[in-house]
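[1] Here's a sequence, model it:
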Amino acid sequence: MQYINWSMSVKMTDAYVVFDLETTGINPNSDCIIEIGAIKIIGNKVQEVYKTYVNPQMKVPYRITNLTGITDDMVSDGRSNKEAVEEFIHFCDGYTLLGHNIGFDYGFIKKSAIGYRIPFHKMGIDTLKIARKTLSHIEKRNLGYLCEYYHIEQRAKHRAYEDALSTKEVYDNLVNDFYRVNKGLFLPEILLFKEKKNSPITKLQKVYLNDLLKYHKIELEEDVDTFTKSEASKRIDYIILNYGRINR
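    As a prediction, this is how the structure comes out:
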């Protein structure tokens with residue numbers, strides 16, 4: 001591992017939160033967070049760590065378990081999505097975010113924040129964007145390939161906390177190699193999230209979901225009225241699978 005000579009980077013962000021998520025898929029409108037890993041860095045030293053499983057209120061798809069090793073049992077006692085998102089937002093309050101393909105992870109947090117009506121507006125640095133600009137000669141620029149390129153030992157692939165650690169080490173190497181000649185690439189930028197329009201929950205879904213919740217005495221943190229058609233369908237399937245149908 002190489003270390004940054006901070007004397008050469010006075011104007012560069014020296015306090016940030018590097019983070020990574022594991023999710024059930026790639027669409028923040030229909031998929032769920034299952035793990036959050038975040039590390040608070042000040043002056044190139046780890047100051048604090050946040051990591052948690054998140055209960056997605058749905059089965060973890062087989063392909064995701066196969067990729068990450070995260071199972072239904074592992075997330076069953078995890079934080080609720082609302083708890084985890086609130087804790088993460090508090091953890092990174094006042095800090096720039098750092099991530100690899102940061103728009104992906106930010107989109108999931110931002111989508112949840114919007115749903116819970118929590119203000120969340122951040123500046124961020126994307127190691128993927130930096131690598132694309134500076135390492136155009138190499139075959140790939142995904143996190144695993146960059147770790148191989150820089151001889152970084154990955155403790156566990158596709159796990160949130162471990163990938164956050166790897167991202168931090170990739171960032172250190174990029175800084176050492178390219179900051180002097182291209183300082184602008186390392187400046188934080190406003191993170192944007194464009195919420196895709198989805199069909200809202202239908203009247204029939206709303207009635208049936210509310211009946212299921214009442215019948216099984218389930219309390220949701222989210223407002224049913226804010227669900228999309230896809231979210232409502234997934235939540236109905238989850239309740240029926242785990243609690244059963246309504247016996248008339």
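
[2] Does Val17 belong to a helix, a strand or coil?
    Classification of Val17 by DSSP: H, G, I helix; E, B strand; the rest coil places it in strand.

[3] Contacts only, for it.
    Neighbour list for Val17: 38-41, 91-92, 95-98 [criterion: C-beta atoms under 8 Å, 6 or more residues apart in numbering]. Placement of C-beta: from N, CA and C, glycine included.

[4] Pairing partners for it in the sheet, please.
    For Val17, the beta-bridge partners are Lys40, Leu97 (DSSP bridges).

[5] same question, Val49
    Taking DSSP bridges as the rule, Val49 bridges to Ile39.

[6] I figured it was touching Phe19, is that so?
    No. The criterion here is C-beta atoms under 8 Å, and Val49 misses it with Phe19 at 10.6 Å.

[7] what residues are shared contacts of the two?
    Any residue near both Val49 and Phe19 by C-beta under 8 Å, 6+ apart counts here, and that gives 38-39.

[8] Comparing these two, which residue is more hemmed in?
    Each of Val49 and Phe19 has its neighbours counted (other C-beta atoms under 10 Å); Phe19 has more, 30 against 13.

[9] which residue packs closest to that one, ignoring adjacent ones?
    The shortest distance from Phe19 to any non-neighbouring residue, by C-beta to C-beta, 6 or more residues apart in numbering, is to Ala38 (3.9 Å).

[10] now Thr228
    Asn198 (3.8 Å).

[11] my read: that neighbour touches Ser230, true?
    Yes. With contacts counted by C-beta under 8 Å, Asn198 reaches Ser230, the gap being 6.3 Å.

[12] which residues do the two both contact?
    Residues touching both Asn198 and Ser230 (C-beta under 8 Å, 6+ apart): 29-30.

[13] any idea which of the contacts of Val17 is closest to Phe104?
    Leu97 (12.2 Å; C-beta to C-beta).

[14] In this model Leu21 seems to touch the closest one, though I could be wrong.
    No. Look at Leu97 against Leu21 with C-beta under 8 Å: they stay out of range, at 11.7 Å.

[15] more neighbours, those two?
    Counting neighbours by other C-beta under 10 Å for Leu97 and for Leu21 shows that Leu21 has the greater number, 24 against 21.

[16] Report the rounded mean pLDDT for the helix or strand harbouring that one.
    Using DSSP states H and E, Leu21 sits within strand 15-23. Strand 15-23 shows a mean pLDDT of 98.

[17] for stretch 224-236, same thing?
    Per-residue pLDDT over stretch 224-236 has a mean of 85.

[18] Output it as CSV - backbone C-alpha positions only.
    What follows is stretch 224-236, C-alpha atoms only, in CSV (Å, rounded to 0.1, in the frame of the first residue of the first chain):
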residue,chain,number,x,y,z
VAL,A,224,-48.0,2.9,1.4
ASP,A,225,-49.1,5.9,-0.7
THR,A,226,-45.4,6.5,-1.7
PHE,A,227,-44.9,2.9,-3.1
THR,A,228,-44.6,2.3,-6.8
LYS,A,229,-46.5,-0.5,-8.5
SER,A,230,-43.3,-2.6,-8.5
GLU,A,231,-42.5,-1.9,-4.8
ALA,A,232,-46.1,-2.7,-3.8
SER,A,233,-46.0,-6.0,-5.7
LYS,A,234,-42.7,-7.1,-4.0
ARG,A,235,-44.0,-6.1,-0.6
ILE,A,236,-47.2,-8.1,-1.1
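
[19] which other residues reach the longest helix belonging to the chain?
    Determined from DSSP state H, the single longest helix within the chain is helix 160-178. Contact with helix 160-178 is made by 1-5, 9, 12, 18-22, 35-39, 41, 44, 49, 51, 98-100, 125, 127, 130-131, 134, 143, 146-147, 150, 152, 154-157, 185-186, as judged by C-beta under 8 Å, 6+ apart.
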